[in-house]
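All I have is the shape, not the residue letters:
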């Protein structure tokens, strides 16, 4: 992973937009560069931008959100409305740009932050939610946030802490720094898996015992098997007998049902024959006439159709004649309406030409008036908008009043500006020049106020450190005497313990047989004969001289005193270190206080002399008031110009109103109504054209209907003559007589279907009757002679006997099946247990080796290996930084912190805690570089940032450290950034990102 570009806006004290492009000069020739600037100028802010843009996380503040930005007052620069952080990086998958941004809404409240990830090559924004962007960056880079800030952004505090903590804390810290907490999770998972497996096996064993308790005795099982066989044989005999009775009963029931069915059929047949006779009497004759007339159905239908059509055409002729008269009357009405409304005399022939000429003339006048109206609206809207800025309302009905109010506004603005012009002498200098002078004074006062506040803060810190120093000195003063007294008490107790212990040993050597008998215990071998049974050892009086109790008491007291001594000595050592640290911090504070006081006196001497008794705040308020008045004067200048423009626009608007009025009068002479001209003309034209079209259509319909009616009359006359002649031959006097004898089609069809159904029913019932007679005879010959009731009683008796037998057999079968099922369940469970023990053997072995409830066993082992690997890499780096020290793990008899091997002192092993601040920094830097090397084995890391810590080094060590970094950069082609305010470091590294502060608390960035 390599960082190519950083861009950001309004982050912390760095106001405005900034960009650092590592793909351009001077970074192409010098990949080792320094980020320099005074304390508080924003050096670490550049590292914050990187982690914020990638992970929405800042090392000093944690994960960021809108609430965190508001609560901590961080990230967004003071008095700014938006901020963003952007980083472009290269990885194995390509080049990507990750962006973080936040802004305020119209009410000044912060919106929620936004993140996005862009494929820089294709310029495509990845489809991700903002919360998914950090995870995607982690996937692309191959490092999570914690790994990133430990292998790309190296903050020395973590590693200095790592060098000195006890082993238990060091393991947890190493786990956090290297991200190897997976070993702890593996250990816990192995323990839980093994525990879960054992729990499952125990549960199955408990089930086996439950099934065994439910098994039958062997004799009981055999007896029940024989009983089941006897019952099964009896069941078979009963079922055969019941089946025979069932067949006999079914035959008897079927015979009775057939006899009932025969009686029913004979009755229905008589009813159908009666219906057949009644139909012939009531409907037979009429149905025959209908069938005769139906021979002429086509001609009769044609005759009736011709008569209907003739009537329809006669009605059409009457209707068309009436509609034609109505259209002529409507034409006369429309002619009068056009003459009255448009002053035109028209006829059906000249109507289109006259109307087109009239419309063209009126439309031309309307278009001219509309053009004037558009120009009027175009002028009116800007005028209204400009007037509202001065609380003026443009009323077209009262333009004179508007002009009067406008004149008053102009007069007041000029009067107010004249007063400010005299006060600030604006004739000899512009408003901008006066504002620049006041803002310069404000800047100087604010810078002085900030520096004065910083001095007060340092003085408060100096006072607090001094009070803390006095308090710790008081605590330390009592400890040496207490330690001395404890050592004396321990010497006395040790002498007493030695004397008592020797006396006890002598008594043990002189112990007689009776003494051994006192110590004999059941089931433990006798020291003389080895027997486990001691019949003569009971009821022996016990004697105790108290030596053992005294020795144990002295050992307990010695342990307590030694523990207290260790605590006191540790407290004394810690307090001594704290006093030394406080002395150093007080010295640094005194130097910084003196330097800042000197700077303050030199920079703000004139200001402090001129301000007198006034406070900084009072001076600021006076200048801010003047600044507001000058801003007001600038605004008045603009207002006077705008008011003059409004006056000219009002004059132009009055001219447009006069022209529009003349056009409206010209239109009124041609079309008095003025409004809805197009609508009225369209309505008249539509009505005229529609009426003319209706008249033409009705004339055509009338002519066609008369011709059709004449043809129909001739056809009808011919058909009537022919049809009457044929009907007379069949005995019908006329066409009307024949039509009267013809039935309705639906009635005729219904009568035919009714007769067919009666005939079908008669045939069906006769056939069914004959079939039933044959079946009854057959059943009578086959069925038993015994009565049905007797057969049913015998069937019921045998069925009840079978049910009792089945109940007994079911109970026995259930008991036997339960016994077999229990045996099968036991066999399956035992097989499962054996298989699980075989399959889970590796979990048992793993649990014995690495598993425990807290994961400490495997984690401790893994962290020891990781630490050894890390120290090996650190010592390789340390060789380039110093030839004096190597880092090693502590031995069992050494302090828990890491050990420094001092090669200049013959390989003497020293606790890291005994090293100076500069030596600790050198070892910390080696450890940090080692961790970066460790991460680089899996992930290629081509960018490295090293934060503060160089200030603790002497010049020679600093040069050696920079030589090492230059070698590292040359060997690995890494881009290495060093953050520091050390002057010699600035001189040594040519390429620099320089940060400087201004008087308002903001910083600027420059690349040299």
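Nice, thanks for sending it over. Just so it is clear, the model here is predicted, and its values are computed rather than measured.

hang on, residue 27 packs against residue 34?
No - contact criterion CB atoms under 8 Å: residue 27 and residue 34 do not qualify, at 11.9 Å. Heads up, the C-betas are built off the backbone N, CA and C, glycines and all.

Now for these two: what residues contact both?
residue 991 (CB atoms under 8 Å, 6 or more residues apart in numbering).

So between those two, which is more surrounded?
Each of residue 27 and residue 34 has its neighbours counted (other CB atoms under 10 Å); residue 34 has more, 25 against 19.

so that one sits in a helix?
No - going by DSSP: H, G, I helix; E, B strand; the rest coil, the assignment for residue 34 is strand, not a helix.

For it, give its distance to residue 127.
40 Å (CB to CB, to the nearest Å).

do the same with residue 967
Residue 967 is 44 Å from residue 127, by CB to CB.

who has more neighbours, these two?
Taking other CB under 10 Å, residue 967 and residue 127 do not tie; residue 967 has more neighbours (11 against 7).

Correct me if wrong: the more buried one contacts residue 880.
Yes - here residue 967 reaches residue 880: they are 6.3 Å apart, a contact under CB under 8 Å.

For the residue of the chain positioned farthest from its centre, grab phi and psi.
Relative to the C-alpha centroid of the chain, counting by CA atoms, centre = their mean, residue 729 is the outermost residue, at 99.0 Å. Main-chain dihedrals, residue 729, degrees, to the nearest 10: phi -70, psi -30.

for residue 426, same thing?
Reported as degrees, to the nearest 10, the phi and psi values for residue 426 are phi -80, psi -10.

Report the contact partners of it.
Residues in contact with residue 426 (CB under 8 Å, 6+ apart) are 420, 434, 633.

switch to 10 Å and redo it
417, 418, 420, 433, 434, 630, 633, 634, 637 (CB atoms under 10 Å, 6 or more residues apart in numbering).

do the same with residue 450
Taking CB under 10 Å, 6+ apart as the test, what residue 450 contacts is 616, 997, 999, 1000, 1001.

Mark which of those are part of helices, please.
Judged by DSSP state H, helices contain the following of the contacts of residue 450: residue 616.

and which of the contacts of residue 450 is nearest residue 829?
Nearest to residue 829 among the contacts of residue 450: residue 1001, at 77.6 Å, using CB to CB.

That closest one: neighbour count?
Burial of residue 1001 is recorded as 14 neighbouring residues (other CB under 10 Å).

For residue 28, what are phi and psi?
Torsion angles, degrees, to the nearest 10, at residue 28: phi -70, psi -40.

Over to residue 980?
Backbone torsions for residue 980, taken as degrees, to the nearest 10, come to phi -170, psi 160.

Need the per-residue pLDDT for it.
On the pLDDT scale, residue 980 is placed at 77.

how near is it to residue 699?
Applying CB to CB to residue 980 and residue 699 gives a distance of 110 Å.

the more surrounded of the two?
Using other CB under 10 Å, the more surrounded residue of residue 980 and residue 699 is residue 980, with 22 against 15.

So the more buried one is in contact with residue 34, correct?
Yes - using CB atoms under 10 Å, residue 980 is in contact with residue 34, at 6.6 Å.

who's in contact with residue 759?
Residues in contact with residue 759, defined by CB under 10 Å, 6+ apart, are 272, 276, 279.

what's the closest of those to residue 559?
Each of the contacts of residue 759 was checked against residue 559 using CB to CB; the closest is residue 272, at 125.2 Å.

thought the closest one was touching residue 768?
No - assessed by CB under 10 Å, residue 272 is found out of contact with residue 768, at 11.7 Å.

on that earlier part again, keep only those of the contacts of residue 450 that are in strands.
Using DSSP state E, the members of the contacts of residue 450 that fall in strands are residue 997.

and which of the contacts of residue 450 is nearest to residue 39?
For those, the closest approach to residue 39 (CB to CB) belongs to residue 997, at 9.6 Å.

How about the contacts made by the closest one?
13, 37, 38, 39, 40, 41, 42, 447, 450, 1003, 1004.

Tell me the buried residues within these.
Burial by neighbour count, 16 or more other CB atoms under 10 Å: within the contacts of residue 997 this picks out 13, 37, 41, 42, 447, 1003, 1004.

Excluding covalently adjacent residues, which one is nearest to the third one?
In this case it means residue 41. The shortest distance from residue 41 to any residue other than its chain neighbours is 4.1 Å, reached at residue 995 (CB to CB, 6 or more residues apart in numbering).

Could you look up the SS state of that neighbour?
Quick answer, by three-state DSSP: residue 995 is strand.

Quick check: pLDDT value at it.
At residue 995, the pLDDT value in this model is 86.

again with residue 330
Predicted confidence (pLDDT) for residue 330: 86.

check which helix or strand covers it.
helix 297-342 (DSSP states H and E).

helices or strands next to the helix or strand where residue 134 lies in the packing?
Assigned by DSSP H and E, residue 134 belongs to helix 133-141. Helix 133-141 makes packing contacts with helix 43-55, strand 82-91, strand 94-103, strand 114-119, helix 145-151 when contacts are defined by 3 or more CB pairs under 10 Å, 6 or more residues apart in numbering; DSSP states H and E.

distance of residue 878 from residue 735?
Counting by CB to CB, the gap from residue 878 to residue 735 is 135 Å.

what's stretch 709-729 in contact with?
Contacts for stretch 709-729 (CB under 10 Å, 6+ apart): 293, 295-296, 299-300, 302-303, 305-314, 316-317, 732-735, 737-739.

where's that stretch relative to the chain centroid, distance-wise?
Between the centre of stretch 709-729 and the centre of its chain there are 91 Å (CA atoms, centre = their mean, to the nearest Å).

Would you indicate which residues of that stretch are buried?
Of the residues in stretch 709-729, 709, 712, 716, 719, 723, 727 count as buried by neighbour count, 16+ other CB under 10 Å.

same thing with stretch 195-203?
Residues of stretch 195-203 classed as buried by neighbour count (16+ other CB under 10 Å): 197, 198, 201.

Turn those residues into CSV, including pLDDT.
Shown next, in CSV, are the buried residues of stretch 195-203 (pLDDT from 0 to 100):
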residue, pLDDT
197, 85
198, 86
201, 85
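
re the thing from before, out of the contacts of residue 759, grab the one that's most surrounded.
Neighbour-wise, the contacts of residue 759 (other CB under 10 Å) top out at residue 272, 18 neighbours.

Distance check, it against residue 733.
Residue 272 is 40 Å from residue 733, by CB to CB.

before we move on, what about residue 991?
According to CB to CB, residue 991 stands 133 Å off from residue 733.

quick one: which of these two has more around it?
Just comparing residue 991 and residue 733: by other CB under 10 Å the higher neighbour count belongs to residue 991, 17 against 10.
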